[in-house]
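**Q** sequence? don't have it. structure:
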């Protein structure tokens, strides 16, 4: 059971109108693995990530999470039918997601943000949800901001709170969509530290990022995307040391100066 | 300006105004109730991804915004009974008419309020496993309501003023009572002045409240 990859993506296609954003993407993420996705903007990285928890619908191919098809079910004849809202919600709740623009709930305090999922989705007792919430908030170093509203926090603090909110659902995997791209440079480090600690604890992570340092040091494998396709998928040593694809080499030359 | 105001007369007839205010308030409450309930429903339908829900709401809103309310009221009072065979009383007709009319505007307030909330909010709500209803109730609407308060108070003031159209259906609201009083006293200046002042006193507290709320929520940000 633990041998099968947690996330399996096969032949994924996604269009926005006539624009093909994903053109047959296939890869796997093993349990406990950290996969970094890099590539030029518009290459389909974020769309791919959003297909994993079905925030974006895909038109062809399959996403399997823990051996379960995401967003669709197969009928007797093997055709893909839209899955029930309930099943989609259930699989989403098992994947935490962290967004570029944090997306904390502005009308709720840090603690309220973190316990919202456990309270409303998992229907946990308030005392239990709060205890878990406080522990997670301590883990991301925001204990003194428990009762603060998001608008009173720095970008780095907001993103750490957002990570705690995602972790509160006790997810089996975490998806990060350019988590540091909206941050002032001096605040990037504190967020990466939290992510690095999470990776060290064995969390399965898929991270769309422009932080090449993070991809190099923390990721087990790095996936280079361009124009809706995987250009190269390899351990960081190969991607950064001896890329096979000239497109990877060219991209890295540009971002690493 | 040699007009000699006779306020004593107004005071003598104060009961007429009290009666008028009562009916105006009742009319306002019913119309508001209908307008809010239907407006929320239409607003949610209008924001839906499903065309089967979106289209009927859009048609309703456009029809009611594009035709005069006076015509709508008269139509409901005189034409509807012939079509349906049910005659509503004049207060009921006026309440329903003003309610249906306001629902179109209130729906637009709800729709615009919901649309003004960043898409990232519903993404975040979905990503922790919330359904549409939960996300609406706990995440989207609480934020949208704050933005809806000023236009909503506006619409409320409009609605209360629209109740004067009830006089066309012989509803004994404030304006209708006032006109009866004018017919018997021949003092239109005093009577209309008092009607204006009474409406001002009825509506202003809500405008004040709206400003206070806005101020408080802005500080909170």
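**A** Good, I have the coordinates. A quick note: this is a predicted structure, and the numbers were derived from the prediction, not measured.
**Q** Would you mind measuring from residue A:213 to chain B?
**A** According to C-beta to the nearest C-beta, to the nearest Å, residue A:213 and chain B sit 26 Å apart. Yep, even glycine has a C-beta here, placed from its N, CA and C like the rest.
**Q** Quick one: residues in contact with the helix or strand hosting that residue.
**A** Following DSSP states H and E, one finds residue A:213 within helix A:212-218. Applying C-beta atoms under 8 Å, 6 or more residues apart in numbering or on different chains, the contact partners of helix A:212-218 are A:34, A:36, A:38, A:192, A:195-196, A:199, A:207, A:209, A:222, A:236, A:239-240, A:252, A:255-256.
**Q** what separates residue A:142 from residue A:159, distance-wise?
**A** 11 Å (C-beta to C-beta, to the nearest Å).
**Q** and whichever residue of the stretch 51-200 of chain A sits closest to chain B, what does it touch?
**A** Of all residues in the stretch 51-200 of chain A, residue A:93 sits closest to chain B, at 2.9 Å by C-beta to the nearest C-beta. Residues near residue A:93 by C-beta under 8 Å, 6+ apart: A:117, A:121-122, A:169, A:171, B:128-129.
**Q** dump the residue contacts of the residue nearest the centre of chain B.
**A** The centroid of chain B falls nearest to residue B:159 when counting by C-alpha atoms, centre = their mean (3.2 Å). Residue B:159 sits next to B:28, B:31-32, B:35, B:98, B:102 when contact means C-beta under 8 Å, 6+ apart.
**Q** Got the phi and psi for the residue nearest to residue A:205 when sequence neighbours are not counted?
**A** Of all residues not flanking residue A:205 in the chain, residue A:34 sits nearest, at 4.5 Å (C-beta to C-beta, 6 or more residues apart in numbering or on different chains). Per-residue torsions, residue A:34: phi -110, psi 120 (degrees, to the nearest 10).
**Q** same check, this time on the one 5 residues further on
**A** Comment: the main-chain dihedrals of residue A:39 come out as phi 150, psi 160, following degrees, to the nearest 10.
**Q** what about it, how many residues close to it?
**A** A count of nearby residues for residue A:39, using other C-beta atoms under 10 Å in any protein chain shown, gives 25.
**Q** Provide the secondary structure category for the closest residue in space to it that isn't next to it in sequence.
**A** In space, residue A:39 comes closest to residue A:225 once its chain neighbours are excluded; the distance is 3.7 Å by C-beta to C-beta, 6+ apart. Using DSSP: H, G, I helix; E, B strand; the rest coil, the structure places residue A:225 in strand.
**Q** neighbours around residue A:123, how many?
**A** 8.
**Q** what's near enough to touch it?
**A** Going by C-beta under 8 Å, 6+ apart, the list of residues near residue A:123 is empty.
**Q** follow-up on the earlier one: wait, the residue nearest to residue A:39 touches residue A:38, no?
**A** Yes. Look at residue A:225 against residue A:38 with C-beta atoms under 8 Å: they come within range, at 7.3 Å.
**Q** The two - which one has more neighbours?
**A** Neighbours around residue A:225 and residue A:38, counted as other C-beta under 10 Å, are more numerous at residue A:38. The numbers are 27 against 24.
**Q** Quick check: residues of chain B near chain A?
**A** B:118, B:120-121, B:123-132, B:134, B:138-139, B:142-143, B:146, B:220-221 (C-beta under 8 Å from any C-beta of the partner chain).
**Q** any weak-confidence spans in chain A?
**A** A:1-2 (pLDDT under 70).
**Q** Can you classify the residue nearest to the spatial centre of it as helix, strand or coil?
**A** Residue closest to the mean C-alpha point of chain A, counted by C-alpha atoms, centre = their mean, is residue A:175 at 1.1 Å. When classified by three-state DSSP, residue A:175 comes out as strand.
**Q** cool, residue A:81 as well?
**A** Applying three-state DSSP: residue A:81 is strand.
**Q** Quick check: beta-bridge partners of it?
**A** For residue A:81, the beta-bridge partners under DSSP bridges are residue A:73.
**Q** Look up how far residue B:149 lies from it.
**A** Residue A:81 is 43 Å from residue B:149, by C-beta to C-beta.
**Q** returning to what we had before: buried subset of the residues of chain B next to chain A as a ChimeraX selection?
**A** The buried residues among those can be selected in ChimeraX (16 or more other C-beta atoms under 10 Å in any protein chain shown) with this line:
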select /B:121,123,124,125,126,127,128,129,130,131,132,134,138,139,143,146
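**Q** Show me the residues of chain B next to chain A that map onto helices.
**A** B:120-121, B:123-127, B:132, B:134, B:142-143, B:146, B:220 (DSSP state H).
**Q** Give me the pLDDT for the residue in chain B that chain A sits nearest to.
**A** Nearest to chain A in chain B, going by C-beta to the nearest C-beta, is residue B:129, at a distance of 2.9 Å. As predicted, residue B:129 sits at a pLDDT of 96.
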